[in-house]
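Chemist: with the input below, show me the fold.
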Amino acid sequence: MKIHSKSNRSLLSSMTRLRFPSLLLATVACGFLPTSCKRAANAADAAPAAPEVATIVVAPQQVVLTTELPGRTSAYRIAEVRPQVNGLIQKRLFTEGTEVTAGQELYQIDPSQYQAAFESAKAALGRADASLPAARARAGRFEGLVAEKAVSEQNYDDAAAALLQAEADVAYYKASAENARINLGYAKITSPISGRIGRSTVTDGAIVTAYQPVALATIQQLDPIYVDVPQSTTELLRLERRLEQKQLTKGGEGANRVQLLLDDGSKYPIEGTLQFRDVEVDPSTASVTLRAVFPNPNGVLLPGMFVRAVVQEGFSSQAIVVPQQAVMRNTKGQPVALVVTSDKKIEQRLLSLDRAIGSEWLVTSGLAAGDHLVIEGVQKVRPGVTVREVPFLAAAQPAPATK
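Modeler: Numbering: from 1, shown residues only. As a prediction, this is how the structure comes out:
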């Protein structure tokens, strides 16, 4: 019996040792269970945090509005050199492609026949001048004698007529001599303007005729130079309408200044001046021509170049300009933006955009001064959601650009 009793006690002790860890774990679990359940209940009861958005306060500002139009350069003055008398080209006196000055001799035509004609005209004038004093003296004597009835009135009339004819001969030969002198001067073909001369169409020894259709050479004045820019009538009417509605104001500093962009995208360093707007519409393009004048001291601009002119339309003192990153498109493709209302809720606004000014949009409707425009965080909010608003960092904003 003792043996069995001892065995039972040993078995009971072993069973107790085996069950003790499980009992301990159950006790520990029961001790921590109320705390865990309490934290889960608190997390479920707490409201979710409002999403954070960065905003700016919309404020009107003054911007200069410009338009960029394609254009083409043309010479300020063009002169086609043609002979004014017939003859043989003895010598060309210029280098092609160089600058020439007004009055510079370009070609020499053989002057021998024109020199002879001039000498002949001078001789005829001298003969007429020589006969004039005798005719004048004879008419004077007859005038005194006819009063004394010493000569007949017919003789006096003949003497007076001979004087008038002698004076007319002098005038005629004087004009002939002047004409011969002019033709002799035309034998030297000179430049009518200062500018750059192109290639010559004739060489030494060529026969030319007066006022021939083919020019001997062409001279173009390139400093200054014209830039002709077509503007559509639609844009012109829109601009005039905005001026009438006081949305734009003409004038101000640089009102007639024009900037130029070259064909490679670089900016021409010198500003030009808007000279005039044509009064006639081109029926083939439905546009009017704007002409600007640009200094061209280094000859960078050549006639016929394609350029883009930046023309100032006017300035707006109450323009709403916003960063482009704040403007989105809805499913219809319309521009929209998000603003934060006074009760810290998101509201979607439909916008009307005029144009891009640098990295910003010019807004004509949809936003007003004082609106809190969402710049960052638009992806995590939707209209009607309550948000937490923080100011958009000024350092993160692109520099405002006026166009």
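Chemist: what helix or strand is the residue nearest the centre of the chain on?
Modeler: Centroid-nearest residue in the chain: Ala309, 1.3 Å away (criterion: CA atoms, centre = their mean). Using DSSP states H and E, Ala309 sits in strand 306-323.
Chemist: against Leu216, how distant is the nearest residue to Pro192 once chain neighbours are set aside?
Modeler: In space, and not counting its chain neighbours, Pro192 is closest to Ala79: 4.7 Å by CB to CB, 6 or more residues apart in numbering. Backbone N, C-alpha and C define where each C-beta goes, glycine included. Distance from Ala79 to Leu216, counting by CB to CB, to the nearest Å: 11 Å.
Chemist: now do Leu184
Modeler: Counting by CB to CB, the gap from Leu184 to Leu216 is 19 Å.
Chemist: helices or strands next to the helix or strand where Thr273 lies in the packing?
Modeler: Here Thr273, judged by DSSP H and E, is contained in strand 272-277. On a contact count with 3 or more CB pairs under 8 Å, 6 or more residues apart in numbering; DSSP states H and E, strand 272-277 meets strand 257-261, strand 287-294.
Chemist: out of those, nearest to Glu347?
Modeler: Evaluated over the helices and strands packed on strand 272-277, closeness to Glu347 peaks at strand 257-261, with 39.7 Å, by CB to CB.
Chemist: what average pLDDT does the closest one get?
Modeler: Strand 257-261 shows a mean pLDDT of 89.
Chemist: repeat that for stretch 70-83.
Modeler: Average pLDDT, stretch 70-83: 94.
Chemist: likewise for stretch 87-96?
Modeler: For stretch 87-96, mean pLDDT is 95.
Chemist: quick check: end-to-end length of it?
Modeler: Start to finish, the residues bounding stretch 87-96 are 22 Å apart (CA to CA, to the nearest Å).
Chemist: ok now it, how far from the chain's centre?
Modeler: 40 Å (CA atoms, centre = their mean, to the nearest Å).
Chemist: kindly report the same for stretch 155-162.
Modeler: For stretch 155-162, the distance to the chain centre is 75 Å (CA atoms, centre = their mean).
Chemist: pull the CA atoms of that stretch into PDB?
Modeler: Provided in PDB are the C-alpha atoms of stretch 155-162 (Å, rounded to 0.1, in the frame of the first residue of the first chain):
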ATOM      1  CA  ASN A 155      11.100 147.600-139.400                       C
ATOM      2  CA  TYR A 156      10.700 148.100-135.600                       C
ATOM      3  CA  ASP A 157       8.400 145.100-135.300                       C
ATOM      4  CA  ASP A 158      10.900 142.900-137.200                       C
ATOM      5  CA  ALA A 159      13.800 144.000-134.900                       C
ATOM      6  CA  ALA A 160      11.700 143.300-131.800                       C
ATOM      7  CA  ALA A 161      10.800 139.900-133.100                       C
ATOM      8  CA  ALA A 162      14.400 139.100-133.900                       C
END
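Chemist: and the contacts of that stretch?
Modeler: Residues outside stretch 155-162 that contact it (CB atoms under 8 Å, 6 or more residues apart in numbering): Ala135, Arg138, Ala139, Arg141, Phe142, Glu143, Leu145, Val146.
Chemist: quick one: which of the residues you listed has the most company?
Modeler: Using other CB atoms under 10 Å as the neighbour test, these are led by Phe142, with 22 neighbours.
Chemist: just the buried positions in the host helix or strand of it, please.
Modeler: Assigned by DSSP H and E, Phe142 falls within helix 112-147. Judged by neighbour count (16 or more other CB atoms under 10 Å), helix 112-147 contains these buried residues: 114, 117-118, 121-122, 124-125, 128, 132, 135, 138-139, 142, 146.
Chemist: now do stretch 365-378
Modeler: Result for stretch 365-378 [16+ other CB under 10 Å]: buried residues Gly366, Leu367, Asp371, His372, Leu373, Val374, Ile375, Glu376, Gly377, Val378.
Chemist: which ones among these map onto strands?
Modeler: For these, the ones inside strands are His372, Leu373, Val374, Ile375, Glu376, with DSSP state E as the criterion.
Chemist: report the beta-bridge partners for the first one.
Modeler: Beta-bridge pairing of His372, defined through DSSP bridges, involves Val57, Val340.
Chemist: okay, domains of the protein per the record?
Modeler: 1-31, 52-62+318-396, 66-75+221-317, 83-107+191-214, 111-186 (automatic domain parsing).
Chemist: can you tell me which of those domains the model trusts least?
Modeler: Among the domains of the chain, domain 1-31 has the lowest mean pLDDT, at a mean of 42.
Chemist: against Leu222, how distant is the residue nearest to Pro192?
Modeler: For Ala79, the distance to Leu222 equals 13 Å [CB to CB].
Chemist: residues contacting Gly366?
Modeler: Residues near Gly366 by CB under 8 Å, 6+ apart: Pro335, Ala337, Arg349, Leu350, Leu351, Ser352.
Chemist: for the third one, pull up the helix or strand it's in.
Modeler: Assignment of secondary structure by DSSP H and E places Arg349 within strand 346-350.
Chemist: buried ones in that strand?
Modeler: By 16+ other CB under 10 Å, the buried positions in strand 346-350 come out as Ile346, Arg349.
Chemist: what do you get for stretch 161-169?
Modeler: For stretch 161-169, burial by neighbour count (16+ other CB under 10 Å) applies to Ala162, Leu163, Ala166, Asp169.
Chemist: tell me the contacts of the closest residue to the last one other than its chain neighbours?
Modeler: By that I understand Asp169. Spatial nearest neighbour of Asp169, excluding adjacent residues (CB to CB, 6+ apart): Ala128 at 4.1 Å. With contact taken as CB under 8 Å, 6+ apart, Ala128 is in contact with Ala166, Asp169, Val170, Tyr172, Tyr173.
Chemist: how far away is Ala128 from Ala160?
Modeler: Applying CB to CB, the value for Ala128 to Ala160 is 18 Å.
Chemist: same thing with Leu351?
Modeler: Leu351 is 97 Å from Ala160, by CB to CB.
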